[in-house]
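Asks: Show me the folded form of this:
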Amino acid sequence: MPRTAKATPRRRLEAEAARKLILDVTEKRLARVGPSGIRLQEVAQDAELSHSTVLHHFGSREQLVTAVIARSLAEMNASLIDVLS
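Replies: Sure thing, here's the model as predicted:
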């Protein structure tokens, strides 16, 4: 049976750019749906990347959520150091 709908074109990014994009998209989703609402397939769709790209960079939903939290904490620490300096 032929497909009638065209697949969404996926982006091809450098590794660090893809990782940052995935983290940005996930951070926005976390604010809306919380950690239990994160689905890698939806993150990939929002980022216009493949599901396998998200898995390649983070391995699992839990590791992705952990990476977003770690990045946020690092940004808060950097901001605090700037304020205290």
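
Asks: Dihedrals phi and psi, Arg39?
Replies: Backbone torsions of Arg39, given as degrees, to the nearest 10, read phi -120, psi 130.

Asks: Tell me how many other residues crowd it.
Replies: Neighbour count for Arg39, taken as other Cβ atoms under 10 Å: 13. Heads up, the C-betas are built off the backbone N, CA and C, glycines and all.

Asks: Give the closest residue to it in space, chain neighbours not counted.
Replies: Arg61 (7.4 Å; Cβ to Cβ, 6 or more residues apart in numbering).

Asks: and the spatially most central residue of the chain, what is it in contact with?
Replies: Centroid-nearest residue in the chain: Ile22, 2.4 Å away (criterion: Cα atoms, centre = their mean). The contact partners of Ile22, taken as Cβ atoms under 8 Å, 6 or more residues apart in numbering, are Val43, Ala47, Leu49, Thr53, Val54, His57, Phe58, Leu64.

Asks: which one of these has the most neighbours?
Replies: Most surrounded of these: other Cβ under 10 Å gives Val54, at 26 neighbours.

Asks: give me the element that residue is part of.
Replies: helix 51-58 (DSSP states H and E).

Asks: So which elements touch the following helix or strand past that helix?
Replies: Downstream of helix 51-58, the next assigned helix or strand under DSSP H and E is helix 61-84. Contact here means 3 or more Cβ pairs under 8 Å, 6 or more residues apart in numbering; DSSP states H and E; on that basis helix 61-84 packs against helix 15-33, helix 40-47, helix 51-58.
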